[in-house]
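In: Can you look at this prediction? I've put the sequence above it.
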2 protein chains.
Amino acid sequence: MSETVVVIGGGPGGIEAARQVADLGLQSVLVEQRERLGGTPISANYAALTPYFANAEEAMDGMIAELEARDLAEVRTSTTVTEVSGEVGNFAVTLSNGDQIEAGAIILATGFDHFDPGRERQIYNYYQYPDVLALQDLEAQLKEHKVVVPSTGKAPERICWVQCVGSRDRNIGNEWCSKVCCGIASKQAIEVRKLSPETRAYIFYIDMRMYGYWETQLYWPAQEQYHVQYIKGIITEVLERGDRLVVRGEDTTMGRPLEVPMDMVILSVGMEPSQGTKTMADVIGVERNRHGFIDAINPPLDTVTTSKAGVFACGAALGPADLEDTVSSAGAAAGKAVALLRRGSLTAA
Amino acid sequence: MSETVVVIGGGPGGIEAARQVADLGLQSVLVEQRERLGGTPISANYAALTPYFANAEEAMDGMIAELEARDLAEVRTSTTVTEVSGEVGNFAVTLSNGDQIEAGAIILATGFDHFDPGRERQIYNYYQYPDVLALQDLEAQLKEHKVVVPSTGKAPERICWVQCVGSRDRNIGNEWCSKVCCGIASKQAIEVRKLSPETRAYIFYIDMRMYGYWETQLYWPAQEQYHVQYIKGIITEVLERGDRLVVRGEDTTMGRPLEVPMDMVILSVGMEPSQGTKTMADVIGVERNRHGFIDAINPPLDTVTTSKAGVFACGAALGPADLEDTVSSAGAAAGKAVALLRRGSLTAA
């Protein structure tokens, strides 16, 4: 029996899980396909983390430094898992470089991908119009401390966010709410208004899902201090008219059609199971739920146990998750993995 | 130095944390003020847990049985913590029966209280009208597999839920969104429609915060299978007219005043810091945030560390939390507490 825990995925969840396994006294091996750790906040150029506006790179560097300070934590970047055989207590995990690791347990922290807003439907013209961006495209600008209309290089006079792009949408098969996009759009709107006070900012939403403290951390300041305009409405089209964009839809509160000129449109794209989540589920043989994320088999009172003994999951591999969800479930998964191996009796998982 | 972890509060979070500490090889002592474990789901007579409709009593009994099967977990019911002295690694925890426990770390799992809808304002006439109930009052009925108008003993023809009672409300000082009430009201509406198919059910809401999978687990079935009517509106008064209730307010979507007769009105009360959370924060000397819940000092990438070294918190002691949040953060808190004590170096918490 091996007392090593292999953690797959080097984002916030994987880093937290790998560090926690090491802190609990077992060897962890963190396997990350990219060249560097940090996950989506780094690979997608996040500027500030929601909801506290911490610099994403600094925050992730802090987590990574903590991990690297642990003797019991080994990191393998630019590496993927190509095969897993064996069973709980005695998994053989084969890596892309040919190495094989004996592992007692596995934690899946393979995260999410951003919905591709040009994939299913063209109503937003994401790939056609340079000034239609997705959340992560604007993050890349904010990381450079700027907000500019791509086609002109100038600050926008009017910018809007379109919520629920790739979420709550039966037609494209993404039925879930992606949970974080309301908060992220509000955070971005605040950042835009700080960087460019003359820019007018609008958020078109179905419901503003600013749960818990996000209500007062983001939603109220966005409205009261930063004068972001929230409009309950459904946007059904983004068009070009002259050198400007026009968003069309229905203002639900006013009960009338809506057609507003914009310089820049940000699509609040939702979360989908990442390619890594799908591939690793197949390689390891764990069940996915009907939405394609890893299935937690005993919710709500066990959030991390999967269909395969000895395999746990955390964060957005399990479904839409904010950073706090991710770090909490990563800690829980690390604890369950270590407890399982320490207990010796592998059947009582 | 003591390797015992004292867990305060015997709800889902505390039970999970105490079990996990034991599974990680350290002694845990769970201290619960009530006669029995189970926390609010038991003391407030919850029927089915959100969102999977598991029987609350069976689910909690399952958790409790798991805890009781651990030799390293000790349970003290009908007991409170009266004094805590010392510091990380060497706390002396005095109990109401005079016993003193040496503890290396402490986990606060002291949860929430339901907002008292008659405390601040009388607009809903909770204490005046027998047919105005709070969420937990209806849970007690549902637990008995019935739904009846208290004043008549008959099934209601019309029932409604009023969302955001004691939440998102600056006037009463509860600025946060309580996160779970949209889901619980929807769950209850489904249960009512199952038990009494002739009852018409209405939910008056500001935003339906059905994040993540709740969208398809609860919100869509409530509308499509159970024909629950969701009305975006603000209810400002509940009155009696003849032998019926009348809810008055504004239908936000239609932009007009709303006045609807009801047989039963359910107030979707929010979460407040429990008395136990407030008292224990004072006894132990941990900071609370401006909303009165325990302050997590390093969010979002550390969800459980408090202002006092060696003291962690989980679940709704930290703020509005659903069951999955609670169980995840409980696992994370248990892991951090055990790691701290195992590491020996107590400064590197």
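Out: The structure has been received and is ready for your questions.
In: so who does the residue of the stretch 1-150 of chain A found nearest chain B touch?
Out: Nearest residue of the stretch 1-150 of chain A to chain B: residue A:23, at 3.6 Å (CB to the nearest CB). Heads up, the C-betas are built off the backbone N, CA and C, glycines and all. Residues near residue A:23 by CB atoms under 8 Å, 6 or more residues apart in numbering or on different chains: A:70, B:335, B:336, B:339, B:342, B:343.
In: Could you rerun that using 10 Å?
Out: Counting by CB atoms under 10 Å, 6 or more residues apart in numbering or on different chains, residue A:23 makes contact with A:66, A:70, A:72-73, A:331, A:334, A:338, B:335-336, B:338-340, B:342-343, B:348.
In: Return the list of strands paired to the lengthiest strand in chain A, each annotated with direction.
Out: Secondary structure of chain A per DSSP state E: the longest strand is strand A:229-241. If you go by DSSP bridges, strand A:229-241 pairs up with strand A:200-205 (parallel), strand A:244-251 (antiparallel).
In: per-residue pLDDT, residue A:328?
Out: Per-residue confidence (pLDDT) for residue A:328: 98.
In: That one in helix, strand or coil?
Out: Put simply, residue A:328 is helix when judged by DSSP: H, G, I helix; E, B strand; the rest coil.
In: Also residue A:268?
Out: Under three-state DSSP, residue A:268 comes out as strand.
In: need the contact list for the nearest residue to it once chain neighbours are set aside.
Out: Spatial nearest neighbour of residue A:268, chain neighbours left out: residue A:181 (4.1 Å); criterion: CB to CB, 6 or more residues apart in numbering or on different chains. Contact analysis of residue A:181 by CB under 10 Å, 6+ apart lists A:50, A:114-115, A:135, A:161-167, A:205, A:209, A:267-271, A:320.
In: Just list the residues touching the spatially most central residue of chain A, thanks.
Out: Centroid check for chain A by CA atoms, centre = their mean gives residue A:112 as the closest residue, at 5.3 Å. Residue A:112 makes contact with A:11, A:39-40, A:178, A:180, A:270-274, A:276-277, A:293, A:315-321, A:326 under the criterion CB under 10 Å, 6+ apart.
In: give me the number of residues near residue A:309?
Out: 14 (other CB atoms under 10 Å in any protein chain shown).
In: my guess is it contacts residue A:90, does it?
Out: No - with contacts counted by CB atoms under 10 Å, residue A:309 stays clear of residue A:90, the gap being 11.3 Å.
In: and residue A:223, helix, strand or coil?
Out: Going by three-state DSSP: residue A:223 is helix.
In: Same check on residue A:187?
Out: Three-state call for residue A:187 (three-state DSSP): helix.
In: which non-adjacent residue is nearest it?
Out: residue A:50 (4.8 Å).
In: For residue A:175, see how far away the one you found is.
Out: 23 Å (CB to CB, to the nearest Å).
In: Compare those two (neighbour count), which wins?
Out: A direct count of neighbours by other CB under 10 Å for residue A:50 and residue A:175 places residue A:50 higher, at 24 against 17.
In: Report pLDDT for that one.
Out: For residue A:50, the predicted pLDDT is 96.
In: if I pick residue A:337, what's in contact with it?
Out: A:5-7, A:17, A:20-21, A:24, A:26, A:28, A:103-107, A:304, A:310-312, A:349.
In: quick revisit: quick one: buried residues of the longest strand of chain A?
Out: For strand A:229-241, the neighbour count (16 or more other CB atoms under 10 Å in any protein chain shown) marks A:230, A:231, A:232, A:233, A:234, A:235, A:238 as buried.
In: returning to what we had before: I figured the residue nearest to residue A:187 hits residue A:218, correct?
Out: Yes - applying CB under 10 Å as the test, residue A:50 and residue A:218 come out as touching, 7.4 Å apart.
In: Which residues are in contact with each of the two?
Out: Common neighbours of residue A:50 and residue A:218 (CB under 10 Å, 6+ apart) are A:182, A:183, A:184, A:185, A:186, A:187.
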